[in-house]
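1. Provide a 3D model corresponding to the input given below.
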Amino acid sequence: MVRNRHALLSALPAQLGKTIREHFTSVCSASLILFGVVFFFFPSFPQVIDAPPPEASCGSLFPTVPITMKATCSWKDDTLSSTVDVRMGGTIAKGQTITLGGKLNIGVNEGLSLQSGWVKYSEPDWSLSVGNITFPGTVSTDTMSIEFDYTPQGSPYSAKYHHDASRSSLDLDWKWSTLSFGIKLSNGDFTVSSSINTDPVKMEVKIEERGFTLAFTPHSYGGFSLSAKVVSNSGETTISFSPACGLFSGKLGFGVSESARKKEIAPQFTTSLAGAWKLKANVDLKRALGENLHTSDSKGSLCLSYSGSPLSGSLTTTFTGSSNLLTDAESNKLTVQGKSTFRFDPGWTLALDTTVSQQLGTTDQPTSLVKVGFSVPIRSDSWLASLKLDLETGKEGKASFSVSAGDMSIDVSASRSSFSLSLGTQFDTLLPLIKTKGRIVGLVFVDGNLNGKPDPGEEGASGLVIESDAE
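-> Model prediction:
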């Protein structure tokens, strides 16, 4: 009886998912048409575009936008390459913004090409962005990414459409003070989610094609809290409990499927010692039992950390082990990791990361990894510079130097087999591609003393028509 009920619950989402998959294109098309109609006829959309103030547009009807450019010349493995990163755009009118940019590759034989280009236009209630634009090449929506976000101000609902080379998805969400509801369609799959968040209890429900998720978190009492979660996915059902009380927290889980049964226990202990010292310990034990499966995995760590000024750091010891009782194979690994960061005024930083691992039960030599980083700032009244050095065992060392003054910046990085030089700048320019609607604001008055400004007693004139021949 229980197995039949479980099979019925498993088959219901699959049948619903099959129906939605068959009509996925129709649902997306109908939804886009609906939001298109709302977009053109919804009364909350602004019909008049406010122009920026005259001083921002240099006396024209074209908006002024900032442009950021960074040119990089790199040499690596006897190959020379040049790229230019460009970003431009900003607020062109009240409530309107447009930004665009991309990476230009400059080759000796290949010429100029655009890689990872993007453009984004937004208004108070909606935004449209297109990315992964390449040129030259065939312009196709199969390679570009398109995202449309419609979130009306003051409304409980929102919609988002996303498309790229790997997936297409449509999200519809409704949110109120204590209740939320959402629908997501992605490549034929579907997800229906809902949550209730009140003072005494929080509950989340999610239904997918392959199963469902139910999470329940009641209000904590006396510092003790307990949350529960049930997940059913692809024929496997897991139940987990996460208690927390004071310094202790953890997780207790059980899982069952057609092939195996699983258990997991993961207690955790965190406490603050004297001053800036902190101690954290956790253990995670997992076991799986089945007809052809009998594995046990364990992992534990102990971390002692100190956070103060000008010194902070941590020391972590990690133990991992796994075994398979059917093959008598056992593997245990001990890892000791130390991380320290030293900070000195006025901003000097020295970072040290050391990791030593040993495979227990073998004669293998322990493996070690050491990372050292050093950074020092150099300041003056008109410019700022920083010097950074990174070293790692088994890899080439890398040194970098950067300096910025006003709107200009220079970055240099070098290693044994590579070199890179970047020059960056920022400036403002007119954007002639977009013409905003202008607006004349002022006062018409009779200038009796011909001094060019209104004086007391010089009243404004009304009923006049002002015409402009400017296009």
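
2. tell me the pLDDT at residue 53?
-> At residue 53 the predicted local distance difference test score is 37.

3. quick one, helices of the protein?
-> All helices of the chain, identified by DSSP state H, fall at 2-22, 24-41.

4. Now the shortest one: average pLDDT?
-> What that stands for is helix 24-41. In this model, helix 24-41 has a mean pLDDT of 42.

5. all strands for the stretch 351-471 of the chain, in order.
-> For the stretch 351-471 of the chain, applying DSSP state E, counting those that start in this stretch gives strands covering 367-379, 384-392, 398-405, 408-414, 418-430.

6. Can you say which of the ones you listed is nearest to residue 111?
-> For those, proximity to residue 111 was assessed by Cβ to Cβ; strand 418-430 is nearest, at 21.2 Å. Quick note: C-beta positions are derived from backbone N, CA and C, even for glycine.

7. Neighbouring strands of the closest one in the sheet, and parallel or not?
-> When sheet partners are counted by DSSP bridges, strand 418-430 sits next to strand 64-76 (antiparallel), strand 408-414 (antiparallel).

8. So which residues make contact with the longest one?
-> Taking contacts as Cβ atoms under 8 Å, 6 or more residues apart in numbering, the residues outside strand 64-76 that touch it are 52, 56-58, 80-90, 92, 98, 409, 417-431.

9. Then the shortest one?
-> Under the contact criterion Cβ under 8 Å, 6+ apart, strand 408-414 has outside partners 70, 398-404, 419-425.

10. So of those residues, which two are at opposite extremes in space?
-> Among the contacts of strand 408-414, 398 and 425 lie farthest apart (Cβ to Cβ), at 24.9 Å.

11. Can you get me a residue count around residue 145?
-> 16 (other Cβ atoms under 10 Å).

12. Below-threshold pLDDT in the stretch 201-350 of the chain: ranges please.
-> For the stretch 201-350 of the chain, the stretches flagged by pLDDT under 70 are 328, 345-346.

13. so who does the residue lying closest to residue 99 once chain neighbours are set aside touch?
-> Excluding the flanking residues, the one nearest residue 99 by Cβ to Cβ, 6 or more residues apart in numbering is residue 89, at 3.3 Å. The contact partners of residue 89, by Cβ under 8 Å, 6+ apart, come to 65, 66, 97, 98, 99, 100, 101, 120, 431.

14. Just the buried ones among the residues you listed, please.
-> Using 16 or more other Cβ atoms under 10 Å as the burial test, these include 65, 97, 98, 99, 100, 101, 120, 431 as buried.

15. List the residues that contact residue 266.
-> 250, 251, 252, 282, 283, 284, 285.

16. Quick check: residue 211 touching residue 257?
-> No: under the criterion of Cβ atoms under 8 Å, residue 211 is not in contact with residue 257, lying 11.4 Å apart.

17. how about the nearest residue to residue 226 once chain neighbours are set aside, what does it touch?
-> Nearest non-adjacent residue to residue 226, counting by Cβ to Cβ, 6+ apart: residue 243, 4.8 Å away. When contacts are counted by Cβ under 8 Å, 6+ apart, residue 243 touches 224, 225, 226, 249, 250, 252.

18. filter those residues to the buried ones?
-> 249, 250.

19. Need the per-residue pLDDT for residue 437.
-> Residue 437 is assigned a predicted lDDT (pLDDT) of 53.

20. follow-up on the earlier one: where among the strands paired with strand 418-430 is the average confidence lowest?
-> Least confident of the strands paired with strand 418-430, judged by mean pLDDT, is strand 64-76 with a mean of 86.

21. mind listing what's buried in it?
-> Of the residues in strand 64-76, those with enough neighbours to count as buried (16+ other Cβ under 10 Å) are 64, 65, 67, 68, 69, 70, 71, 72.
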